[in-house]
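Q: quick one: sequence plus predicted model below, questions after.
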Amino acid sequence: MANIKSQKKRTLTNAKKNLANNSAKSRLKTAIKKVNAAVEAGNKEDAVNAFNTCNSLLDKAQADNLKSKNFVARQKSRLAKAVASL
């Protein structure tokens, strides 16, 4: 551990931010899986609801610089295509 006070603070804030980022990424992955599972099951209503939730999480991830804009656009496109196929 560092001896400098500002570096000690920075270490703590980095750890907090790391936990928050990991949680947000995990939430996003789960949302994507829920959309895909609803599409696999053929449940259009659940798929649409999960898709809407997933879209907002994707937008938030992009705004927070967790995921790139190309990743977000690609995922939205794939999920929209899957939901529309029902």
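A: Structure's in. What do you need?

Q: I'd like to know how far Lys33 sits from Ile4.
A: To Ile4, Lys33 is 43 Å away according to Cβ to Cβ, to the nearest Å. Heads up, the C-betas are built off the backbone N, CA and C, glycines and all.

Q: who's more crowded, the two?
A: A count of neighbours by other Cβ atoms under 10 Å puts Lys33 above the other of Lys33 and Ile4, at 12 against 8.

Q: per-residue pLDDT of that one, please?
A: Here, the pLDDT recorded for Lys33 equals 98.

Q: pull out the buried residues from stretch 39-57.
A: Val39, Ala47, Ala50, Phe51, Cys54, Asn55, Leu57 (16 or more other Cβ atoms under 10 Å).

Q: restricted to helices, list these.
A: Among these, DSSP state H puts Val39, Ala47, Ala50, Phe51, Cys54, Asn55, Leu57 in helices.

Q: need the contact list for the third one.
A: Taking Cβ atoms under 8 Å, 6 or more residues apart in numbering as the criterion, Ala50 is in contact with Ala31, Lys34, Val35, Ala38.

Q: next one: the first one
A: Under the criterion of Cβ under 8 Å, 6+ apart, the neighbours of Val39 are Ala47, Ala82, Val83, Ser85, Leu86.

Q: residue nearest the centroid of the protein?
A: Most central in the chain under Cα atoms, centre = their mean is Leu28, positioned 2.5 Å from the mean C-alpha point.

Q: tell me the SS of it?
A: Recorded secondary structure, Leu28: helix (DSSP: H, G, I helix; E, B strand; the rest coil).

Q: got it, and Asn3?
A: coil.

Q: where's it relative to Ala15, distance?
A: Distance, Asn3 to Ala15, using Cβ to Cβ: 18 Å.
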